[in-house]
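Colleague: Just need the structure, nothing else, for what follows:
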Amino acid sequence: MTIWTFEPPFPGKYFSSGSKKMFIAAEPNGDNLRPGKRDMGEWLRNVPKTGTKFYRYLASVAATFTGADIDPRNEFDGEEVLGEWRFIDLVKEEAGSVVIGDFKKRVQNNATDTLQIILKDKPDVIVLLGGHAQTSFEDVIAPHLMNTGIKRLGLPHPSSRVGGYISRSLIGDPNLMLKCMSERMMLYAYRGGWRSNK
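Modeller: I've put the predicted structure just below:
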């Protein structure tokens with residue numbers, strides 16, 4: 001079982017930022033090439049910048065929050081775009097490209113570590129990537145964050161076969177869709193746009 005860690009890709013900028021933001025997904029994918037050190041910050045810092053859809057998708061999402069105009073298919077300054085962001089998974093054990101088994105149970109087993117990172121960082125924004133992360137976060141993690149002031153929304157997972165990159169022309173200003181933990185989360189789907197979580 002390979003365990004991942006989740007340091008920010010640009011710690012200096014992240015920890016000095018007045019507006020921290022966090023991507024949260026389901027679990028690390030061990031099917032793809034990864035660095036010797038299994039850490040998402042390390043990977044995001046050193047990934048070939050124009051060679052991975054996952055990385056470019058994250059950059060496209062980050063840019064929508066600031067209104068930056070980037071084309072993620074071209075080179076961009078990773079620290080400029082992702083400097084205020086940290087990426088974590090709800091489960092730190094590496095798995096495959098498809099979530100299988102009792103995922104919610106694994107999220108519960110990792111909840112202490114997940115909450116420790118979130119409560120230490122106190123991000124203003126959490127972006128939940130994909131249905132597994134969204135459902136499990138709402139059921140297991142969100143109840144512990146009710147009085148923190150942290151807001152969140154849900155977007156498609158970067159590996160979604162239905163869509164492409166995220167842009168303001170596609171989703172509008174995502175800051176307007178952020179909801180507190182006591183409110184229903186807003187979810188975006190390529191087919192159907194924004195809707196309130198049931």
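
Colleague: Lowest-scoring secondary structure element of this structure by mean pLDDT?
Modeller: One helix or strand of the chain scores below all others by mean pLDDT, DSSP states H and E: helix 40-46, with a mean of 88.

Colleague: Going along the chain, name the strands of the chain.
Modeller: 21-25, 85-89, 125-129, 151-155, 179-180, 186-189, 193-196 (DSSP state E).

Colleague: Redo these as CSV? Include distance to Thr135 and mean pLDDT.
Modeller: For the C-beta atoms, the positions are set from N, CA and C on the backbone; glycine is no exception. Output for the strands of the chain, formatted as CSV (distance: least, Cβ to Cβ, whole Å; pLDDT from 0 to 100):
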stretch, distance to Thr135, mean pLDDT
strand 21-25, 12, 97
strand 85-89, 15, 96
strand 125-129, 9, 98
strand 151-155, 9, 98
strand 179-180, 16, 98
strand 186-189, 10, 97
strand 193-196, 14, 96
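
Colleague: The least confident helix or strand of the chain packs against which elements?
Modeller: helix 78-82, strand 85-89 (3 or more Cβ pairs under 8 Å, 6 or more residues apart in numbering; DSSP states H and E).

Colleague: how about the CA coordinates for it, as PDB?
Modeller: C-alpha atoms of helix 40-46 as PDB (Å, rounded to 0.1, in the frame of the first residue of the first chain):
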ATOM      1  CA  MET A  40       0.900  15.900  -4.600                       C
ATOM      2  CA  GLY A  41       2.800  19.200  -4.000                       C
ATOM      3  CA  GLU A  42       6.000  17.600  -5.300                       C
ATOM      4  CA  TRP A  43       4.100  16.300  -8.300                       C
ATOM      5  CA  LEU A  44       2.400  19.600  -9.100                       C
ATOM      6  CA  ARG A  45       5.700  21.400  -8.900                       C
ATOM      7  CA  ASN A  46       7.500  19.100 -11.200                       C
END
